[in-house]
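# Sequence and computational prediction follow.
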Amino acid sequence: ASAGSYAQVTLPTITKTGYTCKWNTATNGSGTKMTTDTVCKGDLTVYAKWNINQYTITFVENGGTEVEDITADYNSSVEAPEAPTKEGYTFIGWGEIPATMPAENVTINATWKAGDGVQYKVEHYLQNADNDEYVLAETENRTGVTGATVNGANLAGLVGNGIILKSAESKEIAADGSTV
């Protein structure tokens, strides 16, 4: 631009991983901030002021207790959060957690193993000979794996002594032991 005319500033595009460039008229960033929309008169010297970016690691608990996401500056140290808990399951771990914050947002999933030894109940009913009503005759406590299905085939050993298994419901073993 000539000494007496105004012109729009043309700034170069430069990149640095994990940082954002802001242009300024002072080396320490305390001067006038410059953008491609800035109009100036005469010669002008501008300086690149690098601002560190923040990124977020999002933890997906997959049904476990909530874990706080991590938002931090690029390249800062990252520590794994405490393990979440989930009734009826064992926490296996997180996907790969970086040692330092990468230059992008990351999502990491929790991995769980179905717990074994989860208690559930099998109720045995007898039909009343006088009518079609049934009476609870026995309750049996059993254990199984969270999410496994218990059905009539699993109860075959319970039939005998003249008792015929007329029907049986299939149910999934609940993690909290509430399956009956």
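Yep, it's here.
# where does Ala114 fall, phi/psi-wise?
Dihedral pair for Ala114: phi -60, psi 130, per degrees, to the nearest 10.
# and it, how many residues sit next to it?
By other C-beta atoms under 10 Å, 15 other residues sit near Ala114. In short, each C-beta sits where N, CA and C put it, glycine included.
# Can you list the buried residues in the helix-or-strand element of the chain with minimal mean pLDDT?
Lowest mean confidence among the helices and strands of the chain (mean pLDDT, DSSP states H and E): strand 6-8, at a mean of 79. Along strand 6-8, not one residue counts as buried under the neighbour rule (16 or more other C-beta atoms under 10 Å).
# And for stretch 171-179?
Per 16+ other C-beta under 10 Å, stretch 171-179 contains these buried residues: Ile173, Ala174, Ala175, Gly177, Thr179.
# Quick check: the farthest pair among these?
Using C-beta to C-beta, the pair of the buried residues of stretch 171-179 lying farthest apart is Ala175 and Thr179, separated by 9.5 Å.
# For the next helix or strand after the least confident helix or strand of the chain, buried residues please.
The first helix or strand that comes after strand 6-8 along the chain, using DSSP states H and E, is strand 19-24. Neighbour counts over strand 19-24 (16+ other C-beta under 10 Å) mark Tyr19, Trp23, Asn24 as buried.
# for the last one, what are its contacts?
With contacts defined as C-beta atoms under 8 Å, 6 or more residues apart in numbering, Asn24 is in contact with Ser30, Gly31, Thr32, Lys33, Met34, Val46, Tyr47, Lys49.
# do the second one as well
By C-beta under 8 Å, 6+ apart, the residues touching Trp23 are Leu11, Lys33, Met34, Thr35, Val46, Tyr47, Ala48, Lys49.
# returning to what we had before: right, and out of the buried residues of strand 19-24, which lies closest to Tyr74?
Nearest to Tyr74 among the buried residues of strand 19-24, with distances taken as C-beta to C-beta, is Tyr19, at 7.1 Å.
# Fine by me, thanks again.
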